[in-house]
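In: sequence plus predicted model, see below.
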Amino acid sequence: PPRSTLFPYTTLFRSGSPMTEITEVVAAVLLRGDAAAPEFLLAQRPPGKVYAGYWEFPGGKVDPGETLHQALVRELQEELGITVNDVWPWVCCEFTYPHATVRLRFYRIHAWQGAIAAIEHSAFAWLKAGAAACVEPILPANGPILQALALPPVYALSNAEENGVEAELLRIERALAGGLRLLQLRDKTLAPARRAEFARAVMALARRYERYEEGCAPRVCVLINDDQELARSVGARGLHLSSQQLWQLDCRPDFTRVAASCHSAADLARAAQLGLDFVVLGPLLPTLSHPGAAGLGWAEFSRLVERSPLPVYALGGLQPEMLETACRAGAHGVALMRGWR
C-alpha cells in the first residue's frame, strides 16, 4: 500500500489545504505471543459502512469532550467487548480518504479483560507480524502500520571502535544466535579498508541466520551507517542516515530498510517526508560518550514522538531493562550500542 504522505508536525508537511478539517481517530494494535514476533489483530468492516469488507485495526472517532484514552477504552468495549487500561502510545499518521481526512493515533495493547468478540465487525483475525497479510483488502491508512509491526523491539548498534573488531564479531554472532534481528554497522572512525572488512564479516554472520519464509520479511537486517557505496558492495539491505545526510538527500535511498538519526521535531518530519522506515531519537539520557550532556529526558522524548508517523527507537544511555519505559513514552523500542548482548 502507498505510504501516508501527511506529517502533522506543521502544515508545511501536510498534503492538501492546511484548512482541511481533520477527524481524530484512535486505533488499537492488540498484540499477543512472542514479544519479538507477536501476532496482531485485524477486524473486518461490516456491510453498510464505508469501505465495507476492508480489514482494519479496531478503533474509531474521538467524541467531543473525550480524551484519546477514554475514546480508545470506549471503542474497544463497543467493538470487541473487552476492557483495556494499560495502553502504549505508538505512531500517529494522517491520511486523506475521498470522504475525510483522519488523524490516526495508534496504541499498542498487550493485555485486556474479557473475550474478544466481533460485535461491530464481520470477523476478526490474528496475523503474524512480519508475514504477508492473509486477509484482504486492508484499509489503505493501515498499510504502513503492517510494515512497522515487523520491526523488532531492539535495534543494536555495533561498537567495534571500542571493543575491537574481533571481539565485536563474537558479540554479534552471539546476539544473532540469541535472536537479534536488526543491527546497524556504525564504527565510522575505522579505517575504510578495515571497516569494509568488518562489514563483510558481519554480513557473512548475518547470512547464517537469514531464515526466509514465503511472504515474510528477512529474519535479519543489517543497516550500514551513512555509506551507500559500502552497503551495496557488501550486500546490506539497509542504510542508516546521519541527521546531516538526512537533510542532504532529495529522495529515499533504494534499500529495503532506511532509517535515520534524529535530534529534533524538524529531523523527525524530514525523515517522514522522505518515507523512511524508522528513526532513532536521542540522546535521551547521559551517555559514556557524552557524559556532560543531560539528554532529552523522557518528557521531551514523549512530546517529540507524540505525532510521529514513523516508529521511533529511543537512543542514548539506555539498557535493555528500560524497554517498557521507552514504549510507555511512545517509543517503538530501544536502540543500544553498549547494552545489547
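Out: All right, it came through fine. Residues are numbered from 1 along each chain as shown.

In: look up how far Arg195 lies from the residue of the chain most remote from its centre.
Out: Ranking residues of the chain by C-alpha distance from their mean position (Cα atoms, centre = their mean) puts Gly48 at the top, at 33.1 Å. As defined by Cβ to Cβ, to the nearest Å, Gly48 lies at a distance of 59 Å from Arg195. C-betas here are computed from N, CA, C, even on glycine.

In: residues contacting the residue farthest from the centre of the chain?
Out: Residues counted as contacts of Gly48 (Cβ atoms under 8 Å, 6 or more residues apart in numbering): none.

In: give me the phi and psi angles of it.
Out: Taking degrees, to the nearest 10, you get phi 100, psi -10 for the backbone angles of Gly48.

In: surely Leu104 touches Ala141?
Out: Yes - using Cβ atoms under 8 Å, Leu104 is in contact with Ala141, at 5.8 Å.

In: quick check: neighbours shared by the two?
Out: In the contact map built from Cβ under 8 Å, 6+ apart, the residues linked to both Leu104 and Ala141 are Cys93, Phe95.

In: and the longest helix belonging to the chain, what does it pack against?
Out: If you go by DSSP state H, the chain has its longest helix at helix 192-208. On a contact count with 3 or more Cβ pairs under 8 Å, 6 or more residues apart in numbering; DSSP states H and E, helix 192-208 meets helix 165-177, strand 182-185, strand 221-225, helix 228-234.

In: let's have the ones you listed in CSV, adding distance to Trp112, mean neighbour count and mean pLDDT.
Out: Output for these, formatted as CSV (distance: least, Cβ to Cβ, whole Å; neighbours: other Cβ atoms under 10 Å; pLDDT from 0 to 100):
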stretch, distance to Trp112, mean neighbour count, mean pLDDT
helix 165-177, 32, 16, 96
strand 182-185, 28, 24, 98
strand 221-225, 31, 25, 97
helix 228-234, 41, 16, 98
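
In: could these go into JSON lines alongside distance to Leu31?
Out: Written out in JSON lines, the entries for the helices and strands packed on helix 192-208 read as follows (distance: least, Cβ to Cβ, whole Å):
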{"stretch": "helix 165-177", "distance to Leu31": "23"}
{"stretch": "strand 182-185", "distance to Leu31": "18"}
{"stretch": "strand 221-225", "distance to Leu31": "21"}
{"stretch": "helix 228-234", "distance to Leu31": "31"}
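
In: burial count for the closest residue to Glu56 other than its chain neighbours?
Out: The shortest distance from Glu56 to any non-neighbouring residue, by Cβ to Cβ, 6 or more residues apart in numbering, is to Leu139 (4.2 Å). A count of nearby residues for Leu139, using other Cβ atoms under 10 Å, gives 21.

In: wait, Leu139 sits on Ala43?
Out: No - here Leu139 lies out of contact with Ala43, judged by Cβ under 8 Å, at a distance of 10.1 Å.
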